[in-house]
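Undergrad: Sequence and predicted structure are below.
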Amino acid sequence: MGTQAFASVEEYLGSLDSVKAKTLRTIITFVLSEFPELKAKLAWNVPHIHWNGKYLAGLAAYKNHLTIAPWSASVMETFKPRLQGLVVFKNCFHIPVDWSMDEGLVKDFVRARLAELD
């Protein structure tokens, strides 16, 4: 049995349980409202935020956590001290499915990635 292919970010979010969908939707909506030049689209069957055709970050839901991947090991390294208490890898970090979004962290994270892409 293969993985379901999604046609849109909304379809992906609609396939999740309500808690996971709400958390990811909150992050995506916040980022797009704070940075209107960014867009959300589906890539590799999960939601991604992109700018001028370049990927800023991907988001995905798993059984017991959500993942944010900035497509940048240097951004991850810079933000490690601010990600205390979360599971952090070289290219991504996990957040709880019911994460209370840290708006300052998300804004700074997006700004850092945009600076890198500019």
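TA: Great, that's in hand. Residues are numbered from 1 along each chain as shown.

Undergrad: Can you tell me the SS state at the residue nearest to the spatial centre of the chain?
TA: With distances taken as C-alpha atoms, centre = their mean, the chain has residue 59 as the residue nearest its mean C-alpha position (3.5 Å). Put simply, residue 59 is strand when judged by DSSP: H, G, I helix; E, B strand; the rest coil.

Undergrad: Now do the contacts for it.
TA: Contact partners of residue 59, counting by C-beta atoms under 8 Å, 6 or more residues apart in numbering, are 24, 27-28, 46-49, 66-69. The C-beta positions use only the backbone N, C-alpha and C, and glycine is treated the same way.

Undergrad: same check, this time on residue 106
TA: Residues in contact with residue 106 (C-beta under 8 Å, 6+ apart) are 27, 30-31.

Undergrad: For it, grab phi and psi.
TA: Residue 106 has phi and psi values of phi -60, psi -40 when expressed as degrees, to the nearest 10.

Undergrad: Over to the one 10 residues further on?
TA: Per-residue torsions, residue 116: phi -70, psi -30 (degrees, to the nearest 10).

Undergrad: how many neighbours does the nearest residue to it once chain neighbours are set aside have?
TA: Leaving aside its chain neighbours, residue 116 sits nearest to residue 72 (5.9 Å; criterion: C-beta to C-beta, 6 or more residues apart in numbering). Residue 72 has 19 neighbours, counted by other C-beta atoms under 10 Å.

Undergrad: can you give me the strands for the protein?
TA: Secondary structure of the chain (DSSP state E): strands at 39-43, 46-51, 54-61, 66-69, 93-95.

Undergrad: Show me the one of those strands that comes nearest residue 3.
TA: Residue 3 lies closest, by C-beta to C-beta, to one member of the strands of the chain: strand 46-51, at 10.3 Å.

Undergrad: State the separation between the closest one and the centre of the chain it belongs to.
TA: 8 Å (C-alpha atoms, centre = their mean, to the nearest Å).

Undergrad: Stretch 21-30 now?
TA: Distance of stretch 21-30 from the chain centroid (C-alpha atoms, centre = their mean) equals 9 Å.

Undergrad: got the contact list for the helix ranked longest in the chain?
TA: When the chain is parsed with DSSP state H, its longest helix is helix 18-34. Residues from elsewhere that reach helix 18-34 (C-beta under 8 Å, 6+ apart): 9, 13-14, 16, 38-40, 47, 49, 59, 61, 66, 68, 95, 97-99, 101, 103, 106-107, 110.
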